[in-house]
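Asker: heads up, no residue letters with this:
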């Protein structure tokens, strides 16, 4: 799903932003100096030869011969807003779909009778497969029984104390890492280093989930599904805190201090000023590249090397951690959403990253990992991960993008909005477009009406939510109808059992009356 979605993002940005700018390059673009060498480090930092390219916001400009025919600022704003709206409705639909199916599709999966009498696969014949199937059924029965008696048995004070201790330790590690990042960000607002902070964040994302796994050993959680949800919650809190600090740093320390980065009024010194949009875009590129590198390192060290140890030390192969890998995908996609404004070609980097991770993880799963004893309920887990992808991942990234477009002043020497107070100050652009393309007047009126009356968008979202609500209610009514039919069958069975018992009693009394 994510690969196809990022292809959609790349098609929009490529066709409406990158391709027109590539055909009509900006007039201020200069050639790369002859003494500038390519060391290969640019692939990690995104700087150097990549700085003045179509990769970043600063390259895009309206100061060319085709500016009157095609407005890059209008295209930039419309493409970003359109992609945010499309993404919003796609995720909202998928969330409603998963939540609506949560009971009706997998109701038999909770039936203990089906698990006990009808769940064995008689086609398996290998000893290892038989043992694995037995372990899976055992885990599922334990999970269902633990959920069934969850309201009947109360946890003791020792279990509550251990659970509280585990949470305190996990939150303490998360807080310490967040504080460390915050302390590092304070003196580095001028970005003295290129890769230290991405390296630090990637190390934390690699090490802390392993620490959380060790901490969970002291937690007396009886439900296997509860253990999974707790692990997801702790790992997601870590990534959420890291992303919150980074976004605050980018928008406040870099974008918020744009007055220090403005062009000097001295003619010919425009090049001395920095383009803060490019700074943020390059940092997002570094985080994505570092995330890919550490994912490969984790696959090699934690899965491949561990599998080699199992061949000699008699240990079990590692289990493929689905929750951790999916949260890593959410983390990378959040960076892509936020970087869409600062690096229009960042979806291409995300596509390459997803393709590489897919084949690397697939090969590692087949060669290095063993099947998990804890079966995953695909529908339930997909609902959880889609909800996390929608909120707070996409919602937070969209709010940051909208805040940048409305509240922060663009750099005055780079980008298509260099002479504007904000990215939404497009009155002059609309006047030029309407002069050359009078047929765009209807589109301009619709755009102006929507910008001045956002209630229309809220009404559209409300109608969509009503449709989703009706869909969920239909699924719930089907669930209630199924439960009523089951109750009716149960009562009919009780009635038949009662009639049979009365008939047997009458048959036993009939010989006595005859005698």
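Answerer: Structure's in. What do you need? Values in this document were obtained by computation on a predicted structure and should not be read as measured data.
Asker: Got the confidence number for residue 193?
Answerer: You'll see residue 193 listed with a pLDDT of 53.
Asker: do residue 381 as well
Answerer: At residue 381, the model reports a pLDDT of 74.
Asker: shaky segments in the stretch 201-350 of the chain?
Answerer: Along the stretch 201-350 of the chain, the parts satisfying pLDDT under 70 run over 220-225, 256-274, 314.
Asker: Show me the helices in it, by range?
Answerer: Ranges of helices in the stretch 201-350 of the chain, per DSSP state H, counting those that start in this stretch, are 224-248, 276-298, 305-313, 322-339, 346-368.
Asker: Turn those into CSV, including mean neighbour count and distance to residue 479.
Answerer: In this view, the C-beta of every residue, glycine as well, is placed from N, C-alpha and C. CSV is the format used below for the helices of the stretch 201-350 of the chain (neighbours: other C-beta atoms under 10 Å; distance: least, C-beta to C-beta, whole Å):
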stretch, mean neighbour count, distance to residue 479
helix 224-248, 19, 20
helix 276-298, 22, 39
helix 305-313, 12, 43
helix 322-339, 21, 27
helix 346-368, 17, 35
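Asker: What helices and strands are in contact with the top helix by length along the chain?
Answerer: Using DSSP state H to assign secondary structure, the helix with the most residues in the chain is helix 455-514. Counting contacts by 3 or more C-beta pairs under 8 Å, 6 or more residues apart in numbering; DSSP states H and E, helix 455-514 packs against helix 72-104, helix 441-452.
Asker: quick one: which of those helices has the weakest pLDDT on average?
Answerer: Least confidently modelled of these is helix 441-452, at a mean of 73 by mean pLDDT.
Asker: Other residues contacting that helix?
Answerer: Helix 441-452 has contacts (C-beta atoms under 8 Å, 6 or more residues apart in numbering) with 78, 424, 430, 433-434, 456-457.
Asker: And the residue nearest the centre of this structure?
Answerer: Note on the chain: the residue nearest the mean C-alpha position is residue 330, at 2.4 Å, using C-alpha atoms, centre = their mean.
Asker: Distance of residue 89 relative to residue 246?
Answerer: Here residue 89 is placed at a distance of 27 Å from residue 246 (C-beta to C-beta, to the nearest Å).
Asker: on that earlier part again, buried ones only from the contacts of helix 441-452, please, as a ChimeraX command.
Answerer: Listed next is the ChimeraX selection for buried residues among the contacts of helix 441-452, using 16 or more other C-beta atoms under 10 Å:
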select :78,424,430,433
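Asker: quick one: which of the contacts of helix 441-452 is nearest residue 183?
Answerer: Nearest to residue 183 out of the contacts of helix 441-452 is residue 424 (C-beta to C-beta; 35.2 Å).
Asker: quick one: the closest one and residue 405 touch, right?
Answerer: Yes - counting by C-beta atoms under 8 Å, residue 424 touches residue 405, with 6.0 Å between them.
Asker: overlap in contacts of these two?
Answerer: residue 77.
Asker: before we move on, the earlier item: rebuild the contacts of helix 441-452 as a markdown table, extending it with distance to residue 242.
Answerer: Output for these, formatted as a markdown table (distance: C-beta to C-beta, whole Å):
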| residue | distance to residue 242 |
| --- | --- |
| 78 | 32 |
| 424 | 30 |
| 430 | 40 |
| 433 | 41 |
| 434 | 45 |
| 456 | 36 |
| 457 | 31 |
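Asker: which sections of the stretch 51-200 of the chain are below the confidence cut-off?
Answerer: 63-68, 99-115, 119, 143-155, 187-193.
Asker: out of the contacts of helix 441-452, who's nearest residue 348?
Answerer: residue 78 (20.3 Å).
Asker: which residues does the closest one contact?
Answerer: Contacts of residue 78 by C-beta under 8 Å, 6+ apart are 16, 447.
Asker: any idea how far it lies from residue 316?
Answerer: Applying C-beta to C-beta to residue 78 and residue 316 gives a distance of 54 Å.
Asker: what's the nearest residue to residue 18 if we skip its chain neighbours?
Answerer: Spatial nearest neighbour of residue 18, chain neighbours left out: residue 54 (5.2 Å); criterion: C-beta to C-beta, 6 or more residues apart in numbering.
Asker: Just give me the neighbour total for the one you found.
Answerer: For residue 54, the count of nearby residues is 18 (other C-beta atoms under 10 Å).
Asker: What of residue 122?
Answerer: 5.
Asker: Need phi/psi at it.
Answerer: Note on residue 122: backbone dihedrals following degrees, to the nearest 10 are phi -80, psi 0.
Asker: how about the residue nearest to residue 18, secondary structure?
Answerer: Of the three states, residue 54 takes coil under DSSP: H, G, I helix; E, B strand; the rest coil.
Asker: which residues touch it?
Answerer: So residue 54 contacts 18, 21-22, 60, 344-345 (C-beta under 8 Å, 6+ apart).
Asker: shaky segments in the stretch 401-515 of the chain?
Answerer: Ranges of the stretch 401-515 of the chain meeting pLDDT under 70: 451-452, 512-515.
Asker: Just put the helices of the stretch 201-350 of the chain in CSV and tack on distance to residue 385.
Answerer: Converted to CSV, these look like this (distance: least, C-beta to C-beta, whole Å):
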stretch, distance to residue 385
helix 224-248, 8
helix 276-298, 17
helix 305-313, 26
helix 322-339, 5
helix 346-368, 15
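Asker: mind checking which of those helices is nearest residue 194?
Answerer: That would be helix 276-298 among the helices of the stretch 201-350 of the chain, by C-beta to C-beta, at 6.8 Å.
Asker: That closest one to helix 224-248, inter-axis angle?
Answerer: Relative orientation of helix 276-298 versus helix 224-248 (axes from the mean of the first three to the mean of the last three C-alpha atoms, to 10 degrees): 150 degrees.
Asker: and helix 276-298, what does it pack onto?
Answerer: Counting by 3+ C-beta pairs under 8 Å, 6+ apart, helix 276-298 packs on helix 42-45, helix 196-215, helix 322-339, helix 346-368.
Asker: Of all those helices, which one comes closest to residue 276?
Answerer: helix 322-339 (13.8 Å).
Asker: Helix 196-215 and that closest one, what's the angle between them?
Answerer: 150 degrees.
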